[in-house]
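Peer 1: sharing a sequence plus its predicted fold:
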Amino acid sequence: MYSFLQGPVDPVLLVLDATLVMGCAGIPGLFLKRPGPGQVVAALCTICAALIGIPTVLQLLLSGTTATRSIAWSLPFGPCDLAIDPLSALFLIPVFLVTAAGSLFAVGYWPARQYRRSEPGLTLFFGTLGASMALLLMARNTVFFMMVWEVMALSAYFLIVTEHEREEVRRAGTIYLIATHCGSALLLLLFSLLAAQTGTFLLPPAGSLSALTPLAPLMALAGLIGFGAKAGIMPLHFWLPPAHANAPSHVSALMSGVMLKMGVYGIVRTASFFYDIPLVWGTILTIAGIISALLGISFALAQRDLKRLLACSSIENIGIISLGMGIALVGAASRIPELMYLGGAGALLHVLNHSLFKPLLFLGSGVIIHATGTRDMNLMGGLGKTMPRIGGLFLVGTVAICGIPPLNGFVSEFLLYLGFFSQLQGDNLIYLMAGAPVLALVGGLAAITFTKLYSSVFLGTPRSPGGGVHRGGELQMGVPMLLCAFLCLVIGVVPQMALSLVSPAVMTLFPRLPLLPLSAEYGAILEKLSLAGVLLLTMALVVTVIWKWRLGREPVTAAPTWGCGYQRGTSRMQYGGTSFSELAISIGNGVVRQRIERPLLAGLFPERSRCSDTPTETLLDAIIAPFFQAAGMSFAFLRRLQNGLMHIYVLYIFATLFILMLWAH
Amino acid sequence: MITLADQLLVLVLLINFISLGTGRLIFAIRAVAVQGVILGILPGMIHSFSWHLVGITVVIIIVKGFIIPRLLGRAVHSAEIKREVEPFLGYVPTLLLGAIFTAFSFGFSGSLPMLPEHQNYMFVPASIATLMTGFLVLTTRRKAISQVIGYLILENGIFIFGLLLAGAMPVMVEAGALLDLLVGTFVMGIVMNQINREFSSLDTSLLTSLKEE
């Protein structure tokens, strides 16, 4: 990278500067009395940071090189090395992109004038969350890693509890905080074991450790649980739906689109340390992925809260990503380069894809909530008529997340399918074939889920009065969505380009195997896919043009959806989200529950009554909450230590000092 | 000169016992003021003359000997409390504990790996003993003013330890430590004022009502 003034510029330094700008973007707003300018300044700073960061990172990624830099610090944990290798670079793209998109979206969605009290904090922590994630990806010193990991966790907590006046929000925040710190505890274990093994606090380079040492399985398990808690792999997903549902929408977009991926990054990074990974590691990750994907999407299907549904679908997508990583590790264990490449590339491309369409959907949900004032899909409807543009953008997101061509979700799932089928002629991994129908089932359920979502929100007629009123800020909210939708389409139509971004990252992951020819081979396959995508788009365009033309020729009469010519039809007589998904849920009953309370109808003219449904949170309510209650009961005696007497607290310090002195003695 | 310094340190230790044994707040404040003045003189005893040293001595004597006692005296006057009634632990037990801790600190510092030029001084044991006295006052007394006194004694203990390094210590650090003390006393004064206004008493054990259930 060259600057005009001084010649070569260190790319790490450039990204670091961009990160600092992003992290400090919210600070001016804290000191301004007038609401508004601070938020705009923060958005501009973050966008500038993204404009510096993304090109630098892309250049590093495409050249496949690793840039390193050491920062001087006075802590006794060895040098604080920062590095951007292709793997970090790949994850850095969404960090910059989604943070910038979210901070622009916030200007329209959470205007400072309207939310005077909560806006400065929200803006500040949004920036620190983005910056901490960027630093996390660059950190090569485990102590520094833990520091920024904690900054990330706490920033996210403060973002979740933005509307802390509501009890529900505080509960979501507390559950998140507990989950994230349980994860951090295991990460400390992981890093201490690593330090014990390598003798330094630096992360070991890829493929440098043996997985057959007695400590290695413990490290892998600590990494899987610690990072998995952040990523939301089942059964560690329980914090995710309430946290995502109760945070402001652009925060959910950043958390779901990017923060969960930090967990994935951690798992991938931990796996990359070892060169002789046993088969069982890959199998565990694959099974965890399958469970998360299947159960995640089943939970999503049962939801009636728009954002909870999207959050559950994040669990599904994380499941697909870990499924891909799992088969890559299975491939590594059985020395099958195709499997490693396809699994790794599918997973990493899905990381990139999910960080485009999920923020798109969450931002869209923000606009919807803004317009309707509720998160309950059963109270929405007909928004497609009042805000057709947002509806169109949202449709792009739903099609992409269902993995339907020609959008990006299809490409990554296609790679995974190729991976499953690649073992058809193999000798001993033929059972991997079973993954294909599972992935297909997940895709089918996703299609039902998002049909339910889209139809109950955008189609039909409004189910509650006053819905669908747009309250300004369309431009700031629309532009980030448009950007995400555009990128979804680009990756979908020219997938070979996206593959060339992902390939260097896969190669850093498995440095010992020659994956370059495979990258060229599958690039060629994706080029054919690109042709099909272009064809499909052209067809869609032609059909639309013909349809518009036909519409223009005939007289058009407007009537309510599901009106069916009936004079006194009300909006409550249409299919609701719950009725749409009821059948699908009843098939999966037991795993997913939806408690529907319906009245018993008798006689010819039944009286007015109520019917309600609530999806149940099986894991949190049945296992985790009782577990924590039991833990709270059995450690109640510890609460006596905190008795509020200042003298006793001083006594604790004194006693500690005394014991330390005696011990040193 | 060394013996004089040691004798002054013995005086410091005796003042520790005074502050442990007395219930009269004004008396304890004066005792700690005297302790501060002695500590102000001490650097001059063990280090060679320099204007830097003179400056430190003067400032320490002014701050520890006059300003802080003045502030505390005013607080006692305005709160209208003369005595520490009902401490958590009686005066005699605290005195005994103080004696035990002083003995312990002498034993402890004997086994510390010290530089040969520091070995003959009483600085380290006196420092640890004073520190522990401060802790004792902090833990056993109920009134906020006694807490401040405990804090001052604690600080004095740390200061004695710092004397060993006084030659090497830059002015900024010393000024910082003094400023720290002064600000600490101010803050505690404000806290006392607030406690007094909120609970109409300076009993810090009432602060338990602030505990989160």
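Peer 2: Looks like it came in fine.

Peer 1: buried set for the strand or helix carrying residue A:631?
Peer 2: Element membership of residue A:631, judged by DSSP states H and E, is helix A:625-634. When burial is assessed from 16 or more other Cβ atoms under 10 Å in any protein chain shown, helix A:625-634 yields no buried residues. Every C-beta, even on glycine, is put in place using the N, C-alpha and C of the backbone.

Peer 1: after it, which helix or strand is next?
Peer 2: Per DSSP H and E, the helix or strand that comes after helix A:625-634 is helix A:636-639.

Peer 1: packing partners of that next one?
Peer 2: With contacts defined as 3 or more Cβ pairs under 8 Å, 6 or more residues apart in numbering or on different chains; DSSP states H and E, helix A:636-639 has no helix or strand neighbours.

Peer 1: what's the mean pLDDT across it?
Peer 2: Along helix A:636-639, the predicted confidence averages to a pLDDT of 82.

Peer 1: ditto for stretch A:529-537
Peer 2: Stretch A:529-537 shows an average pLDDT of 89 in the prediction.

Peer 1: ok so, going back, can you tell me what sits against the helix holding residue A:631?
Peer 2: Contact with helix A:625-634 is made by residue A:178, as judged by Cβ atoms under 8 Å, 6 or more residues apart in numbering or on different chains.

Peer 1: what does stretch A:474-483 give?
Peer 2: Residues from elsewhere that reach stretch A:474-483, judged by Cβ under 8 Å, 6+ apart: A:97, A:100-102, A:104-105, A:107-109, A:359-360, A:363-364, A:366-367, A:370, A:389-390, A:393-394.

Peer 1: which among those residues end up buried?
Peer 2: Buried residues within these, defined by neighbour count using 16+ other Cβ under 10 Å: A:97, A:100-102, A:104-105, A:107-109, A:359-360, A:363-364, A:366-367, A:370, A:390, A:393-394.

Peer 1: closest residue of chain A to chain B?
Peer 2: For chain A, the nearest residue to chain B under the criterion Cβ to the nearest Cβ is residue A:644, separated by 3.1 Å.

Peer 1: next up, phi/psi of that residue, please.
Peer 2: Main-chain torsions, residue A:644, degrees, to the nearest 10: phi 80, psi -10.

Peer 1: and it, how many neighbours does it have?
Peer 2: Using other Cβ atoms under 10 Å in any protein chain shown, residue A:644 has 15 other residues around it.

Peer 1: that one and residue A:357: what is the separation?
Peer 2: Separation of residue A:644 from residue A:357 (Cβ to Cβ, to the nearest Å) stands at 51 Å.

Peer 1: now do the helices in chain B.
Peer 2: All helices of chain B, identified by DSSP state H, fall at B:2-21, B:25-46, B:51-60, B:68-79, B:91-110, B:123-140, B:144-163, B:171-199.

Peer 1: list the buried ones in stretch A:149-159?
Peer 2: Buried residues in stretch A:149-159, defined by neighbour count with 16+ other Cβ under 10 Å: A:149, A:151-159.

Peer 1: then stretch B:55-62?
Peer 2: B:56-57, B:60-61.

Peer 1: of all those residues, which comes closest to chain A?
Peer 2: Out of those, the one with the shortest distance to chain A is residue B:60. That distance is 25.2 Å, counting by Cβ to the nearest Cβ.

Peer 1: quick one: which of the buried residues of stretch A:149-159 sit in helices?
Peer 2: Using DSSP H to define helices, the subset of those located there is A:149, A:151-159.

Peer 1: CSV for those, including distance to chain B and pLDDT?
Peer 2: Below are these laid out as CSV (distance: Cβ to the nearest Cβ, whole Å; pLDDT from 0 to 100):
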residue, distance to chain B, pLDDT
A:149, 27, 95
A:151, 25, 95
A:152, 27, 95
A:153, 22, 95
A:154, 20, 95
A:155, 24, 95
A:156, 24, 95
A:157, 18, 95
A:158, 19, 95
A:159, 24, 94
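
Peer 1: quick check, nearest of the residues you listed to residue A:57?
Peer 2: Proximity to residue A:57 was ranked across those by Cβ to Cβ; first place goes to residue A:152, at 18.5 Å.

Peer 1: pretty sure that closest one contacts residue A:261?
Peer 2: No - in terms of Cβ atoms under 8 Å, residue A:152 does not count as a neighbour of residue A:261; the distance is 11.7 Å.

Peer 1: kindly list the main-chain dihedrals of residue A:103?
Peer 2: Its backbone dihedrals place residue A:103 at phi -70, psi -30, with angles given as degrees, to the nearest 10.

Peer 1: for it, grab the count of nearby residues.
Peer 2: Residue A:103 sits with 30 neighbouring residues when counted by other Cβ under 10 Å.

Peer 1: same thing with residue A:564?
Peer 2: The local packing count at residue A:564 equals 9, with neighbours defined by other Cβ under 10 Å.

Peer 1: that one belongs to a helix?
Peer 2: No - note on residue A:564: no helix contains this position according to DSSP: H, G, I helix; E, B strand; the rest coil, which reports coil.

Peer 1: and the gap between it and residue A:463?
Peer 2: Distance, residue A:564 to residue A:463, by Cβ to Cβ: 17 Å.

Peer 1: got it, and residue A:232?
Peer 2: As judged by Cβ to Cβ, residue A:232 and residue A:463 stand 31 Å apart.

Peer 1: who has more neighbours, those two?
Peer 2: Applying other Cβ under 10 Å to residue A:232 and residue A:463 shows that residue A:232 carries more neighbours, namely 31 against 22.

Peer 1: pretty sure that one contacts residue A:317?
Peer 2: No - Residue A:232 lies out of contact with residue A:317 (Cβ under 8 Å); the separation is 9.5 Å.

Peer 1: now the residue positioned nearest the centre of chain B, nearest residue through space, not along the chain?
Peer 2: Closest to where the C-alpha atoms of chain B average out (Cα atoms, centre = their mean) is residue B:153, at 1.3 Å. When the adjacent residues along the chain are set aside, residue B:153 lies closest to residue B:134, with 3.8 Å between them (Cβ to Cβ, 6 or more residues apart in numbering or on different chains).

Peer 1: quick one: pLDDT of that neighbour?
Peer 2: Residue B:134 is assigned a predicted lDDT (pLDDT) of 90.

Peer 1: that one and residue B:148 touch, don't they?
Peer 2: No - using Cβ under 8 Å, residue B:134 and residue B:148 do not qualify as a contacting pair, with a distance of 10.9 Å.

Peer 1: hmm, back to that, so which of the helices of chain B is the most packed in?
Peer 2: The highest mean neighbour count among the helices of chain B, using mean count of other Cβ atoms under 10 Å in any protein chain shown, belongs to helix B:123-140: a mean of 25.

Peer 1: show me what it is packed against.
Peer 2: Applying 3+ Cβ pairs under 8 Å, 6+ apart, one finds that helix B:123-140 makes contact with helix A:646-664, helix B:2-21, helix B:91-110, helix B:144-163.

Peer 1: quick check: angle from it to helix B:91-110?
Peer 2: Put simply, helix B:123-140 runs at 150 degrees to helix B:91-110, going by axes from the mean of the first three to the mean of the last three Cα atoms, to 10 degrees.

Peer 1: centre of the chain to helix B:123-140, how far?
Peer 2: Relative to the chain's own centre, helix B:123-140 is displaced by 8 Å; criterion: Cα atoms, centre = their mean, to the nearest Å.

Peer 1: what parts of the stretch 551-665 of chain A come near chain B?
Peer 2: Proximity of the stretch 551-665 of chain A to chain B is confined to A:642-648, A:650-651, A:653-654, A:657, A:661, A:665 under the rule Cβ under 8 Å from any Cβ of the partner chain.
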